[in-house]
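Asker: Okay, predicted coordinates and the sequence, questions at the end:
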Amino acid sequence: MPRINADKLNLEEIVIKTNRVQKTTKGGRTLSFSVLVAVGDKAGHVGVGLGKAAAAPDAIRKGVEDAKKNMISVPLVHGTVPHEVFDKYGASNVVVKPASHGTGVVAGGAVRPILELAGVTDVLAKILGSRNAVNVAKATINCLKSMQVAEDICAARGAKVATLVPWYAKAKDAEAAESGFAEEPAAAEEPAVTAEEEANA
């Protein structure tokens, strides 16, 4: 998968989880922060990163930089995901399902901000197993990364969409017709009028 240039995208960021960590040393306790951050442009690009530093702002900045390095492209179909997918990371399992228009983002935990930043407006998601924010976030990214649309699969197989998925091709044609981008049928050419017909007229 080609790397996405995050600098050219209009990105938004959300801090998913902030964790304070104390380390006991010979000189006393040392406080540091671990921050999980998600960034996305709400148009099919999203990334998740983890930043660690002695101060919270520095940890957030590191998390944003890490998330920009790990951006992925998410295929969207009418504001939802193209198909159902299940993935896991560690003890966390995430299920993501497409939903009809108007459903909204039905998800919780670390899944919700990632889907919203990816630009998904209608989706059903469920966390199974551990709800650890880092594991859930990585499982969600794995789900989105494994999504495919009919055009990509047909291109890889060297086949036409109308052959492998006829109903999908018809839906695309209907959508194009509604939006006014469908090709207009060529106007029928009028038969040529002969000189004899003109004289009789």
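Answerer: Here it is on my side, so go on. Computed from a predicted model, the values in this text were never measured in an experiment.
Asker: make it CA atoms for all contacts and neighbour counts henceforth
Answerer: Fine.
Asker: Next up, the contacts around the residue nearest the centre of the chain.
Answerer: When C-alpha atoms, centre = their mean is applied to the chain, the residue found nearest the centroid is Val74 (3.0 Å). Counting by C-alpha atoms under 8 Å, 6 or more residues apart in numbering, Val74 makes contact with 44-46, 118, 144-145, 147.
Asker: Partner strands of the strand or helix carrying Val96, with direction?
Answerer: Secondary structure assigned from DSSP states H and E places Val96 in strand 92-98. If you go by DSSP bridges, strand 92-98 pairs up with strand 85-89 (antiparallel), strand 123-129 (antiparallel).
Asker: Please enumerate the strands of the protein.
Answerer: 12-25, 28-40, 45-53, 72-73, 85-89, 92-98, 105-106, 123-129 (DSSP state E).
Asker: so which of the ones you listed gets nearest Lys62?
Answerer: Across these, Lys62 has its closest neighbour in strand 45-53 (4.6 Å, C-alpha to C-alpha).
Asker: okay, and for the chain, where does confidence drop off?
Answerer: 1-3, 161-162, 164-172, 175-176, 178-201 (pLDDT under 70).
Asker: same thing but at 50, please
Answerer: For the chain, the stretches with pLDDT under 50 are 182-189.
Asker: Determine which stretch of the strands of the chain is the most buried.
Answerer: strand 45-53 (a mean of 24; mean count of other C-alpha atoms under 10 Å).
Asker: show me the contacts for Asn70.
Answerer: 47-49.
Asker: hmm, who's touching the strand holding Val96?
Answerer: 80-88, 122-132, 135-136, 139-140, 143.
Asker: now do stretch 99-106
Answerer: Contacts of stretch 99-106 (C-alpha under 8 Å, 6+ apart): 78-81, 112, 115-116, 120-125.
Asker: 6 Å instead?
Answerer: Contacts with stretch 99-106, where a contact means C-alpha atoms under 6 Å, 6 or more residues apart in numbering, come from 121-124.
Asker: want to try TSV for the strands of the chain, with distance to Ala174 as columns?
Answerer: Compiled in TSV, the strands of the chain are given as follows (distance: least, C-alpha to C-alpha, whole Å):
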stretch	distance to Ala174
strand 12-25	34
strand 28-40	30
strand 45-53	27
strand 72-73	26
strand 85-89	27
strand 92-98	20
strand 105-106	26
strand 123-129	23
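Asker: Ok, which of these comes nearest Glu65?
Answerer: Using C-alpha to C-alpha, the strands of the chain put strand 45-53 closest to Glu65, at 7.3 Å.
Asker: now for that closest one, which elements pack on it?
Answerer: Helices and strands touching strand 45-53, as assessed by 3 or more C-alpha pairs under 6 Å, 6 or more residues apart in numbering; DSSP states H and E, comprise strand 28-40, helix 56-69, strand 72-73.
Asker: Tell me what angle it forms with strand 12-25.
Answerer: 30 degrees (axes from the mean of the first three to the mean of the last three C-alpha atoms, to 10 degrees).
Asker: Quickly run through the sheet partners of strand 45-53, with directions.
Answerer: Paired strands of strand 45-53, with direction, are strand 28-40 (antiparallel), strand 72-73 (antiparallel) (DSSP bridges).
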